[in-house]
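Student: would you be able to build a 3D model of this:
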Amino acid sequence: MSWNPTPHQSITFYPFADGAALHRQGSYRLLVLNATAATLWCMIDGTRDVSQLARAYGRRFDLEPSAAQKDVEVMLLDFARRGCCTAMPRAKPPGPRSRGANRCCSRSPFVWPAAGSG
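Tutor: Residues are numbered from 1 along each chain as shown. Presented below is the predicted three-dimensional model:
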């Protein structure tokens, strides 16, 4: 997952003893975070991609890399779904394939000089 999540500017972070709460300006809702989610939230700054965040998160909580990666991906996607951070960019749909793009070189639009003519 190649993505550098960035907190939305309208989000305010309220830390407390066992976690934190996120509030989006203009709403009447709080998103309450446990301590691990609050720690990840504090790591999100727009400069680190998901893999870098997972490594830092894994070191902080002494997790296996695969477990840290999975935890971070799940939390980031949830943050994005709730509008707290930038969403993961969508994959670009494949463009139109040109006809004959994978065919033999004999159909090349270039004309090569014949051997010995030159």
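Student: and Val72, helix, strand or coil?
Tutor: helix (DSSP: H, G, I helix; E, B strand; the rest coil).
Student: where in the protein is pLDDT low?
Tutor: 1, 90-118 (pLDDT under 70).
Student: how does it look with 50?
Tutor: 98-115 (pLDDT under 50).
Student: which parts of the protein are strands?
Tutor: Ranges of strands in the chain, per DSSP state E, are 11-16, 19-24, 30-34.
Student: deepest in the core, which of those strands is it.
Tutor: Most buried of those by mean neighbour count (mean count of other C-beta atoms under 10 Å) is strand 19-24; its value is a mean of 18. C-beta: built from backbone N, CA, C; applies to glycine.
Student: what ranges do the helices span in this structure?
Tutor: 35-43, 50-61, 65-81 (DSSP state H).
Student: and these as a markdown table, adding mean neighbour count?
Tutor: Converted to a markdown table, the helices of the chain look like this (neighbours: other C-beta atoms under 10 Å):
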| stretch | mean neighbour count |
| --- | --- |
| helix 35-43 | 18 |
| helix 50-61 | 17 |
| helix 65-81 | 17 |
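Student: hmm, Arg24 and Gly83 touching each other?
Tutor: Yes: between Gly83 and Arg24 there is a contact at 6.4 Å, judged by C-beta atoms under 8 Å.
Student: mind listing the shared neighbours of those two?
Tutor: His8 (C-beta atoms under 8 Å, 6 or more residues apart in numbering).
Student: contacting residues around Ala68?
Tutor: Counting by C-beta under 8 Å, 6+ apart, Ala68 has contacts 54-55, 57-58, 61.
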